[in-house]
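In: test case, fold it:
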Amino acid sequence: MAEALGAKEQAAEAAEGRSLAVALNALVFCAGAGALATEIGAARLLAPYYGSSTVVWANVIGLVLASLSVGYWIGGKVADRSPSPRVLGRIVVFAAVLIAAVPFAAGPFLDVSVKGLDQVSAGAAIGSFFAVLALFAPPVTLLGMVSPFAIRLAIEDVRDAGSVAGRLYALSTAGSLLGTFLAALVLIPAIGTRRTLLAAALLVALSGAALLGRRWLVVAAGLGVLLAVPAGAVRAEPGLIYEKESRYQFIHVTELHGVRRLYLNEGLAVHSIWRRDTVLTGGEWDTYLAVPPLIGRPLRKVAILGNAGGTTARALGVYYPQARVDGVELDPAVTAVGRRYFGLDDNPRLRVITADARPFLRRTHERYDLIVVDAYRPPYVPFYLATREFFRLARSRLAPGGAIVLNVAATPGDHRLAEHVSGTIATEFPLVLTWQALRFNQFVIGLDRPVPRPVLVRRLRHAPDGLRPLTKLLGRAMRTAAPSADPWTDDRAPVEWITDRMILQFAARGGRFEEYPLPTAP
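Out: Alright, predicted model coming up:
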């Protein structure tokens, strides 16, 4: 009898051991998925306020790695002191609750940080930015505790320690891969950032509840209920009529006093503007219309790299109706917004192409009279559109005598970014002109052929009616740029470092982001 009871106990212990092993395997997999989904969600949660530059990504990735490292260390200590599956289960469920709280708690911090920037308090902006990042440190630290804790529970024989640790870390990494790709490619485009974070919290809570018993499924069920809560507006602002998280960025549209504006990510810049009765805006889009007379022949073919909602293409259709326009836009969701809200289809000679700017130029066999690079907006410039390799490529896609024009961010009295760009382009183009048309926008024009200034001024006098106030400004204000002794290359183009310094120094001086319109303003 005793032997039979002993056999039953051994069988029960073996079954319990197998059940624990399965639960631990699932736990480390789900914790890895939850940690990386939280990292992706953190970057996307910050994008509407701070953008999605490498600076933001570096802070998020650095925070996650630091938090995981702390978690590994603490997890090993706690596991040695209290090697209990229930302790690990509670840690994981608590992490899930904190992940679920992030989308709701982050809003006030983000609003404070944006107000700090608007009020030109750089210290407040930076401080609140890191305060937001701190919201992600506690749950990620707790998730970092999972792997060493699970290894401590799973090892029954020290001779198997290596294989057990290898298996669990492999499962954790596999979960991290799934969390990364599932969040970035499927969940965020389909259900948004906040619900993606809630889904990650639900997955983590379910894996933790498996170690604690059925009663703890109530916590997971509560997190699941939050998925049904309407998302609401990410950034409540006056006149908001549309917002969407695309695969690439956060898109929002406002309409005030009959004027629609397209914003992306942090919303520092307007990317497209629309009025029902005019294509002129008084903003940077109008300046592109002043450039075609410089080439000295009718405008036939144009490429717009960074078409956005089609404001420039729409205006070209009115003032240069003979020109065929290729509008290149990376994000199809932005193109859809342009068709719906910004009259993108008003120009019948516009062909919209979904592609990244530089790969498009590399693949195309077209030759253009004018290439417009309108991806240059504050706060950041894609570095690969600011190098001599890019400008060499762009020149090879121009028809003889053609031109390229770029919109480069500037702040009053600080044109470092534009100077680096103009100096770099001047290493590839024989004549480069700069035009500080607006306080925060300097326009750089590269001409494929050297042309004397008097000839350029004469050409500007033949601009279409309605644009001559602009061409007069260009004729008076254009300056010649010299080649840089240290041009930017694909290997080194510190765009974001320079832009951050420009913005923060402008803010520290008490400057405000207010613009004065061009004479073409309605």
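In: from the chain's centroid, how far away is stretch 383-401?
Out: 24 Å (C-alpha atoms, centre = their mean, to the nearest Å).
In: one more: stretch 187-206?
Out: Mean C-alpha position of stretch 187-206 versus that of the full chain (C-alpha atoms, centre = their mean) differs by 19 Å.
In: so which bits of it are buried?
Out: Neighbour counts using 16 or more other C-beta atoms under 10 Å place 187-189, 192-206 of stretch 187-206 among the buried residues. In short, each C-beta sits where N, CA and C put it, glycine included.
In: next: stretch 476-493.
Out: Judged by neighbour count (16+ other C-beta under 10 Å), stretch 476-493 contains these buried residues: 478, 481, 483-484, 487-488, 493.
In: which one of those residues is nearest to V56?
Out: A493 (18.0 Å; C-beta to C-beta).
In: look up how far N407 lies from R159.
Out: R159 is 66 Å from N407, where distance means C-beta to C-beta, to the nearest Å.
In: out of those two, which sits in the busier spot?
Out: Remark: of R159 and N407, N407 carries more neighbours, 26 against 8, as counted by other C-beta atoms under 10 Å.
In: for the more buried one, helix, strand, or coil?
Out: Assigned with DSSP: H, G, I helix; E, B strand; the rest coil, N407 falls in the strand class.
In: what is it paired to in the beta sheet?
Out: Counting by DSSP bridges, N407 forms beta bridges with F443.
In: check V253 too.
Out: Here V253 sits in beta bridges with Y242, L262, as judged by DSSP bridges.
In: find me the pLDDT at it, would you?
Out: At V253, the pLDDT value in this model is 94.
In: touching, it and Y242? I think so.
Out: Yes: using C-beta atoms under 8 Å, V253 makes contact with Y242 at a distance of 4.1 Å.
In: what do the two both touch?
Out: 337, 341 (C-beta atoms under 8 Å, 6 or more residues apart in numbering).
In: how about A437, what does it touch?
Out: 284, 287, 443, 473-474, 477, 518.
In: kindly recompute the last result at 7 Å.
Out: Counting by C-beta atoms under 7 Å, 6 or more residues apart in numbering, A437 touches 287, 443, 473, 518.
In: export these to JSON lines and tack on secondary structure, distance to Y368 and pLDDT?
Out: Putting those into JSON lines (DSSP: H, G, I helix; E, B strand; the rest coil; distance: C-beta to C-beta, whole Å; pLDDT from 0 to 100) gives the following:
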{"residue": "T287", "secondary structure": "helix", "distance to Y368": "18", "pLDDT": "95"}
{"residue": "F443", "secondary structure": "strand", "distance to Y368": "18", "pLDDT": "94"}
{"residue": "L473", "secondary structure": "helix", "distance to Y368": "25", "pLDDT": "94"}
{"residue": "L518", "secondary structure": "coil", "distance to Y368": "25", "pLDDT": "89"}
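In: of those, which is the most crowded?
Out: Comparing those by number of neighbours (other C-beta under 10 Å), F443 comes first, having 26 neighbours.
In: in contact with it, which residues?
Out: 287, 405-407, 435, 437.
In: and which of these is nearest V102?
Out: Nearest member of these to V102, counting by C-beta to C-beta, is N407, at 35.7 Å.
In: pLDDT score for the closest one?
Out: Note on N407: pLDDT of 90.
In: pretty sure it sits against W285.
Out: No: in this structure, N407 is not within contact of W285 by C-beta atoms under 7 Å, at 9.1 Å.
In: strands along this protein, start to end?
Out: Using DSSP state E, the strands found in the chain span residues 240-245, 250-256, 259-264, 270-274, 301-305, 324-329, 350-354, 368-373, 398-409, 431-438, 441-447, 479-480.
In: dump those strands to a markdown table, plus distance to T424.
Out: Listed next are these as a markdown table, based on distance: least, C-beta to C-beta, whole Å:
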| stretch | distance to T424 |
| --- | --- |
| strand 240-245 | 34 |
| strand 250-256 | 30 |
| strand 259-264 | 25 |
| strand 270-274 | 24 |
| strand 301-305 | 16 |
| strand 324-329 | 21 |
| strand 350-354 | 26 |
| strand 368-373 | 13 |
| strand 398-409 | 11 |
| strand 431-438 | 9 |
| strand 441-447 | 9 |
| strand 479-480 | 15 |
